[in-house]
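1. Predicted model and sequence below, questions to follow.
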Amino acid sequence: MTTTAELQRRTLRVLVVAQVLSGAGLAAGITVGALLAQDMLGSTGLAGLPSALFTAGSALAAVGVGRISQARGRRPGLATGYAVGAVGSAGVVLAAVLDSPVLLFVMLFVYGAGSATNLQARYAGADLADPSRRARAISTVLVATTLGGVLGPLLAEPTGNLAHQVGVPHLAGPFLLAGAAYVAAAVVLATRLRPDPLLTAREIADEAAAASAGLGPTVGTDGVGRGVALGAVVMVLTQAVMVAIMTMTPVHMHDHGHGTGASGLVIAVHVAAMYLPSPLTGRLVDRVGRTSMALVAGSTLLAAGLVAGFAPDDSVVLLALALALLGLGWNVGLVSGTAIITDAVPLATRARTQGRVDVSLAVAGAGGGLMSGVVVDLASYSALSFGGGLLALAIVPAIVAGARSRTPAVALSAPRGR
């Protein structure tokens, strides 16, 4: 008989493969989305609109993926999300060929489904995990995105050259890669994610409840609500700050004479920092505590804003350092916030609640991306960076308020079972 631990290892292996593929699709679009819009519109003020659109699209997709997962399991939910992302990628390429900004913006919205699905996969990694190792399971799924996420931006120049040779605008090339990557991820999940981790976790929980009614402590409705609220605040703040600064960095570099290769390198460093530290982050979140690591996230994002704001315009090294800190702060905030929410929400409503939380995450990213272009246009990239760093400090009062409300420590501060 297959044990829960064996099922968890199998689930993580499949998710790792899918995340490597989807990471390439996600990062490729991030690298050139703002540049493509700027090229087609001839304006920096709307350069943040692509990021806002695909993060807004990811909000709608998060609801859809969450509902499908709640009703039918993680496998159909995640596979559908990546398939929709692939359609959006193809649409962006078509918009570039036709030089149609309207079609571009519509398809960037659809493309956002890939981003939402990439994030939703972390929840699938936690479904069958032991509570004391839940953050580490989440981090395993996140770190798998690293390979594809680093290769995607580095392939921006080669895929652009390939696209140009076949009559597609240079900046649309990475979206060709994104479409192929999302299709491959959808196929892997649809064919290999068996048995479904969420459905299996429910069956195990039902059997345990039938065998021994009332076994173990439960978290009350108030505790669930507070846990979800705190985890959401942590992730929303880190997402908004990260997307705002990340979105405008390639534009800032382009405006000061740096080529696509240099901006691709900086984004590659950023994406690596977003995902590569995940194993260590997960271990620290499990051992040190959810809220303590959330505070680390806020401090790291502040440091990122300061470095980016003070970096000379011609310094690729300092901009790469700033975006590395930005990615690291996002990683710590996402893992700790996800663990807080997953600890607090029961299996019966887990997927639906997680989908709703990720809507807030996407809306925060959309707002950050949209406002980033406006701030840079009206003020400067430095002003955007400083403002983002200060905004991240709002995590501190949120955690203090959560502690004062006496939210159960088992869900918010310490790993279960320890």
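-> Now that the structure is in, tell me what you want to look at. Residues are numbered from 1 along each chain as shown.

2. In this structure, which residue is most central in space?
-> residue 119 (4.6 Å; CA atoms, centre = their mean).

3. okay but it is in contact with residue 358, surely?
-> Yes: Residue 119 is in contact with residue 358 according to CB atoms under 8 Å; the separation is 6.0 Å. From N, CA and C alone the C-beta is placed, and that goes for glycine too.

4. can you list residues touching both of the two?
-> Contact criterion CB atoms under 8 Å, 6 or more residues apart in numbering; residues shared by residue 119 and residue 358: 58, 62.

5. Give me the residue ranges of the protein where confidence is low.
-> 1, 27-31, 43-48, 51, 55, 149-150, 153, 212-224, 402-418 (pLDDT under 70).

6. which ones are touching residue 94?
-> Residue 94 neighbours (CB under 8 Å, 6+ apart): 103, 107.

7. could you measure it against residue 267, distance?
-> Residue 94 is 24 Å from residue 267, where distance means CB to CB, to the nearest Å.

8. returning to that earlier point: can you read off the backbone torsions of the residue nearest to the centre of the chain?
-> Main-chain dihedrals, residue 119, degrees, to the nearest 10: phi -80, psi -40.

9. Now do it against residue 145, distance only.
-> 10 Å.

10. Compute the number of surrounding residues for residue 256.
-> Residue 256 has 13 neighbours, counted by other CB atoms under 10 Å.

11. Surely residue 232 touches residue 333?
-> No: using CB under 8 Å, residue 232 is not in contact with residue 333, being 11.3 Å away.

12. These two: which has the busier surroundings?
-> residue 333 (31 against 22).

13. check contacts around that one.
-> Taking CB under 8 Å, 6+ apart as the test, what residue 333 contacts is 234, 235, 237, 238, 239, 294, 297, 298, 301, 395.

14. List the residues that contact the first one.
-> For residue 234, the contacting residues are 294, 297, 333, 336, 337, 340, 395, 398, 399, taking CB under 8 Å, 6+ apart as the criterion.

15. which of the residues you listed tops the neighbour count?
-> Neighbour max across the contacts of residue 234 (other CB under 10 Å) = residue 336, 33 neighbours.

16. Run the chain-centre distance for the host helix or strand of that one.
-> Using DSSP states H and E, residue 336 sits within helix 316-344. Mean-position distance between helix 316-344 and its chain equals 10 Å (CA atoms, centre = their mean, to the nearest Å).

17. on that earlier part again, can you add distance to residue 326 and give the contacts of residue 234 back as TSV?
-> As requested, those are exported to TSV (distance: CB to CB, whole Å):
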residue	distance to residue 326
294	16
297	11
333	11
336	16
337	16
340	21
395	15
398	20
399	20
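
18. ok, residues contacting stretch 154-169?
-> 24, 28, 31-32, 36, 93, 96-97, 170-174, 176-177, 260-261, 264-265, 268.

19. same thing but 10 Å
-> With CB atoms under 10 Å, 6 or more residues apart in numbering as the test, stretch 154-169 has contacts from 24, 27-32, 35-36, 39-40, 93-97, 99, 148, 152, 170-178, 250, 259-261, 263-265, 267-268, 271.

20. which one of the contacts of residue 234 sits closest to residue 67?
-> Ranked by distance to residue 67 (CB to CB), the contacts of residue 234 are led by residue 337 at 21.4 Å.

21. Verify the stated contact: the closest one with residue 344.
-> No: if you go by CB atoms under 10 Å, residue 337 and residue 344 don't touch, sitting 11.1 Å apart.

22. shared neighbours, the two?
-> In contact with both residue 337 and residue 344: 230, 231, using CB under 10 Å, 6+ apart.

23. sorry, back to before: pretty sure the residue nearest to the centre of the chain is touching residue 337, no?
-> No: with contact defined as CB under 10 Å, residue 119 does not reach residue 337; the gap is 11.3 Å.

24. How many residues are close by the residue lying closest to residue 192 once chain neighbours are set aside?
-> Once flanking residues are discounted, residue 192 sits nearest to residue 14: 4.6 Å by CB to CB, 6 or more residues apart in numbering. Residues near residue 14, counting by other CB under 10 Å, number 18.

25. got the residue ranges for the helices in the stretch 151-300 of the chain?
-> For the stretch 151-300 of the chain, the helices defined by DSSP state H, counting those that start in this stretch occupy 156-165, 173-192, 197-211, 221-255, 260-275, 278-288, 290-310.

26. which residues touch residue 266?
-> 31, 153, 246, 249-250, 252-253, 258, 316-317, 319-324.

27. Let's see that with 7 Å instead.
-> 249, 253, 316, 319, 320, 323 (CB atoms under 7 Å, 6 or more residues apart in numbering).

28. quick revisit: which among the contacts of stretch 154-169 count as buried?
-> Neighbour-count burial (16 or more other CB atoms under 10 Å) applied to the contacts of stretch 154-169 gives 24, 27-32, 35-36, 39-40, 93-96, 148, 152, 170-178, 250, 260, 263-265, 267-268, 271.

29. I'd like to know how far the residue nearest to the centre of the chain sits from residue 78.
-> Residue 119 is 11 Å from residue 78, by CB to CB.

30. next SSE after the longest helix along the chain?
-> In the chain, ranked by residue count with DSSP state H as the criterion, the top helix is helix 4-41. Once the chain leaves helix 4-41, the next helix or strand it forms, by DSSP H and E, is helix 49-72.

31. outside of that following helix, which residues touch it?
-> 29, 33-34, 36-37, 76-78, 80-81, 84, 105, 108-113, 115-117, 120, 198, 243, 247, 351-352, 354-356, 358-359, 362-363, 365-366, 369-370, 373.

32. distance of residue 293 from residue 341?
-> To residue 341, residue 293 is 14 Å away according to CB to CB.

33. Out of the two, name the residue with the larger neighbour count.
-> Taking other CB under 10 Å, residue 293 and residue 341 do not tie; residue 341 has more neighbours (27 against 24).

34. Please give me every residue in contact with the more buried one.
-> Residue 341 touches 227, 228, 231, 232, 354, 357, counting by CB under 7 Å, 6+ apart.

35. The second one reaches residue 344, doesn't it?
-> Right, the one you point to is residue 228. Yes: assessed by CB atoms under 7 Å, residue 228 is found in contact with residue 344 at 5.8 Å.

36. Comparing these two, which residue is more hemmed in?
-> residue 344 (24 against 20).

37. Now do the residue lying closest to that one once chain neighbours are set aside against residue 134, distance only.
-> The shortest distance from residue 344 to any residue other than its chain neighbours is 2.6 Å, reached at residue 227 (CB to CB, 6+ apart). To residue 134, residue 227 is 13 Å away according to CB to CB.
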